[in-house]
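**Student:** A predicted structure for the sequence below; I have some questions about it.
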Amino acid sequence: MTGVALLAGLALAPPGFAQAAHHQSCQVFKGTDKAGLAITFEDHGTGYMLQRGKTLTRGELNTERGWKNDEDATLFILDWRGPESLQVRIVRQTGTRNLRYLGQGQQPLRRPVILRPVPGARCTLLASAAEPAP
């Protein structure tokens, strides 16, 4: 791992790397899809961690305002610089703290997965978006 040291199970990132372990802007959301697969999403501001079952991804996210008829909804686009077919979309509609996991690419899920906030949950340390997930 370039630029990140592991010591006693703790990741120590050098200056310039985003660390969100105790960062107030980090929020954790969890849900389960219809197949019983657990989904955890951590919003680190400009970065994210998404775990679907045993698959863990980390990277950059971008937000856009508005979704369908909700002009004030927040649309999270994961890996927004990559191909649209690989981008994951999650939305927070106006008036709710829950998120809706919409799926990947241009094939949204028929029934979005509801991700609920987990109060008091601790976020993982988030290395640079350029760092591969362990």
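**Tutor:** Thanks, I have the structure now.

**Student:** what sits against residue 38?
**Tutor:** For residue 38, the contact set (Cβ atoms under 8 Å, 6 or more residues apart in numbering) comprises 30-32, 51-53. For every residue, glycine as well, the C-beta is placed using N, CA and C.

**Student:** what's opposite it in the beta bridge?
**Tutor:** Beta-bridge pairing for residue 38 (DSSP bridges): residue 32.

**Student:** look up how far residue 82 lies from it.
**Tutor:** Taking Cβ to Cβ, to the nearest Å as the measure, residue 38 falls 24 Å from residue 82.

**Student:** give me the longest strand you can find in the chain.
**Tutor:** Assignment by DSSP state E gives strand 55-67 as the longest strand of the chain.

**Student:** circling back to that earlier point, just the contacts of residue 38 now: which is nearest residue 106?
**Tutor:** Among the contacts of residue 38, residue 52 lies closest to residue 106 (Cβ to Cβ), at 18.5 Å.

**Student:** what is the neighbour count of the closest residue to that closest one other than its chain neighbours?
**Tutor:** Leaving aside its chain neighbours, residue 52 sits nearest to residue 39 (5.2 Å; criterion: Cβ to Cβ, 6 or more residues apart in numbering). Number of residues near residue 39 (other Cβ atoms under 10 Å) recorded here: 20.

**Student:** hmm, residue 51 and residue 39 touching each other?
**Tutor:** Yes - counting by Cβ atoms under 8 Å, residue 51 is a contact partner of residue 39 at 7.0 Å.

**Student:** rewinding a little: check contacts around the residue nearest to residue 52.
**Tutor:** Residue 39 makes contacts with 30-33, 50-52, 101, 113, 115, as judged by Cβ under 8 Å, 6+ apart.

**Student:** can you rerun that using 7 Å?
**Tutor:** Contacts for residue 39 (Cβ atoms under 7 Å, 6 or more residues apart in numbering) come out as 30-33, 52, 101, 113, 115.

**Student:** could you do residue 79 as well?
**Tutor:** Per Cβ under 7 Å, 6+ apart, neighbours of residue 79: 59-60, 86-87.

**Student:** if you set the cut-off to 10 Å instead, what comes out?
**Tutor:** 48, 50, 57-62, 86-88, 104, 129 (Cβ atoms under 10 Å, 6 or more residues apart in numbering).
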